[in-house]
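Student: Quick one, structure for this:
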Amino acid sequence: NIITDVHVTPGNIHDSKPYLNRLDRQVERFGFSVEAVGLDAGYLTTPICHGLAQRNIFGVIAHRRYQTRKGFLPKWKYKYDEEHDMYVCPQGKELRYATTDRDGYRHYKSDPKQCETCPLLTQCTQNQKHQKTVTRHVWEGDKEQVRLNRLSSEGKWIYRMRKEKVERSFADSKELHGLRYCRLRGKEKVKEQALMTAACQNMKKVALHLARVS
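Tutor: Below is the predicted model of the structure:
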């Protein structure tokens, strides 16, 4: 339960943005052979899932619920058919591939002639042409694999360890070491506080470990 990296960003940078770079830094700095990682739901992004797949790391990330507009069908109701590269709507109609945008999202569109008489049309889309569009990132398969990892017996064990180790460490930082609030202003000064907090926690962990083995 040793803290191996401390990184401070401005408040408008999401935690997931620097994650892969910080992971690579720890591998390079300490020579870690990372087999698996456990992360909370905020890290369930397509780039992170793809990055873990590229690094051959078993990723376990908590489930993230996406809000669906009230009165509309959620995206999971539209099933992806990998063999034919298309989506199938709740009424059994096909949404065929149309185009890929510059952000890497593939667009699958329905046949307006079939949609205009559909009993679920008002719950499906507000498109004036009666055409439903579902998007899927080109790396979506990596995210789906991470979801499957979470449901495996190994994934459940890893996520349980994450809660016991990482969350407990965060709680100690805030409750016992004053990291709930920034004491100084500016990124560099906040970094100093975070580094000192991590150093104190690590020294305590090392001392306790040595006491047990001596």
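
Student: Show me what counts as buried in the helix ranked longest in the chain.
Tutor: If you go by DSSP state H, the chain has its longest helix at helix 187-213. By neighbour count on 16 or more other CB atoms under 10 Å, the buried set for helix 187-213 is V190, Q193, A194, T197, A198, Q201. Where you see a C-beta, it was placed from the backbone N, CA and C, and this is true even at glycine.

Student: what helices or strands is it leaning on?
Tutor: The contact analysis (3 or more CB pairs under 8 Å, 6 or more residues apart in numbering; DSSP states H and E) places helix 187-213 against helix 168-176.

Student: What strands flank the longest strand seen in the chain, and is each parallel or antiparallel?
Tutor: The strand that spans the most residues within the chain, counting by DSSP state E, is strand 94-100. Strand pairing for strand 94-100, using DSSP bridges, gives strand 86-88 (antiparallel), strand 105-109 (antiparallel).

Student: Which one, of those, ends up nearest to T135?
Tutor: Among the strands paired with strand 94-100, strand 105-109 comes nearest to T135, with 4.4 Å by CB to CB.

Student: Flag every buried residue along that closest one.
Tutor: Within strand 105-109, the residues that count as buried by 16+ other CB under 10 Å are R106, Y108, K109.

Student: and what of stretch 111-118?
Tutor: Residues of stretch 111-118 classed as buried by neighbour count (16+ other CB under 10 Å): Q114, C115, C118.

Student: now those as CSV including pLDDT?
Tutor: Listed next are the buried residues of stretch 111-118 as CSV, based on pLDDT from 0 to 100:
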residue, pLDDT
Q114, 93
C115, 94
C118, 94
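
Student: Filter the residues you listed down to the ones in helices?
Tutor: Those of the buried residues of stretch 111-118 lying in helices (DSSP H): Q114, C115.

Student: and the most centrally placed residue in the chain, what is it in contact with?
Tutor: In the chain, the residue lying closest to the centroid (CA atoms, centre = their mean) is L44, at 1.2 Å. Residues counted as contacts of L44 (CB atoms under 8 Å, 6 or more residues apart in numbering) are I61, A62, H63, R64, K143, V146.

Student: again, but for I61
Tutor: Going by CB under 8 Å, 6+ apart, I61 touches G38, L39, D40, A41, Y43, L44, I48, C49, V146, R150.

Student: Having no further points to raise, I will conclude here.
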